[in-house]
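Colleague: Kindly return the folded structure for what I paste below:
(one chain, ligands or ions: 3)
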Amino acid sequence: MPEKSVSVLLIDAGNTRCKWQLRAAGQILEEGSAAYAALPADWPEADRVVVACVAGQPDLQDRLRQRYGERLYWLSEPLAGYPHFHHCYPQPQRLGVDRWLAMLGARTHGSGNVLVVDAGTALTIDLMNAANQHEGGFIVPGLELAQQALFNNTARVRPFVDEQVQTALVPGRDTLSCVSAGVQRQLQALVMSVVQDYPDYRLFISGGDGHWLAQRLAVPPSPHLIFEGMESLCAGYF
Ligand SMILES: Nc1ncnc2c1ncn2[C@@H]1O[C@H](COP(=O)(O)OP(=O)(O)OP(=O)(O)O)[C@@H](O)[C@H]1O
Ligand SMILES: CC(C)(CO)[C@@H](O)C(=O)NCCC(=O)O
Ligand SMILES: [K+]
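Modeller: Ligands and ions are numbered 1, 2, ... in the order given. Take a look at the predicted model:
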């Protein structure tokens, strides 16, 4: 009988939402996403469970530890001493584990220099060269957070319900259009300016707003980078 392939449950616990995939032999068997208040009561059976968590979540950690015991690998920071990645931070444990995994995930797509954009609650941009040297990055508020910053810190910039979110980048003609078009243009322009400065870096775009941004920049989205990074850790390291 052929040996049963190892199943891995991969969980990306972000600042806003939790996303997961159950994989075996490189195939996605199940996937989902939910707000923290609406997580499944029953997690699927898996031989190994890897969680990348940038947001604390002690309750989730307790529940998963009870469910999976020693099969659980909880990553709240990059693995110290991982040989196939060279940090540029003087304090490597401060680098977001999601950024680190997204770079490892990009590496699974080929060799060469990579420019990795993760458009989530925060939008991050990271540069890693062909020798797996992290060259640095950028962190800015993501699409939703940038708009909330305006709504929460000004008296009269408000998400008026009788106004439309702008999807084109033309100048807005009411408050909500000015904010939505402004924030979209700002993020798109930021990514384009980095892409221009690093023409020989292959661009990868992931995250909750990745489809939107990838479409704007006319590249295919790479929605699974963090999971691919986790899977490459499972293959060689856990
Ligand atoms: N169902 C959804 N719920 C919330 N945000 C969503 C959803 N679908 C897409 N988004 C968009 O995704 C963005 C958040 O991205 P993502 O889900 O990757 O963030 P996150 O869970 O906080 O992860 P991270 O902390 O890793 O960035 C928001 O700016 C929002 O516009
Ligand atoms: C920047 C975020 C919030 C993106 O999810 C995450 O990677 C994080 O919390 N990073 C820690 C700070 C850093 O990466 O320098
Ligand atoms: K992220």
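Colleague: Could you report the neighbour count for Pro40?
Modeller: As a burial measure, Pro40 scores 10 neighbours (other Cβ atoms under 10 Å). The way it works is simple: take the backbone N, C-alpha and C, and place the C-beta from them, glycine included.
Colleague: Can you tell me the SS state at it?
Modeller: Of the three states, Pro40 takes coil according to DSSP: H, G, I helix; E, B strand; the rest coil.
Colleague: quick one: pLDDT of it?
Modeller: The confidence metric pLDDT takes the value 92 at Pro40.
Colleague: now it: how far from ligand 3?
Modeller: Per Cβ to the ion, to the nearest Å, Pro40 is found 21 Å from ligand 3.
Colleague: Contacts only, for that residue.
Modeller: Pro40 makes contact with Gly32, Ala34, according to Cβ atoms under 8 Å, 6 or more residues apart in numbering.
Colleague: Could you pull up phi and psi at it?
Modeller: Per-residue torsions, Pro40: phi -60, psi 150 (degrees, to the nearest 10).
Colleague: Tyr82 and Phe238 touch, don't they?
Modeller: No. Judged on Cβ atoms under 8 Å, Tyr82 makes no contact with Phe238 at a distance of 11.1 Å.
Colleague: Looking only at neighbour counts, state which of those two leads.
Modeller: A direct count of neighbours by other Cβ under 10 Å for Tyr82 and Phe238 places Tyr82 higher, at 16 against 12.
Colleague: quick one, what contacts that one?
Modeller: Taking Cβ under 8 Å, 6+ apart as the definition, contacts of Tyr82 comprise Leu233, Tyr237.
Colleague: Quick check: pLDDT value at it.
Modeller: You'll see Tyr82 listed with a pLDDT of 95.
Colleague: What of Lys4?
Modeller: Note for Lys4: predicted pLDDT of 68.
Colleague: before we move on, what about the one 3 residues further on?
Modeller: The pLDDT attached to Ser7 in the predicted structure is 95.
Colleague: helices and strands of this structure: which one has the lowest mean pLDDT?
Modeller: The helix or strand of the chain with the poorest confidence is helix 225-236; it has a mean of 93 (mean pLDDT, DSSP states H and E).
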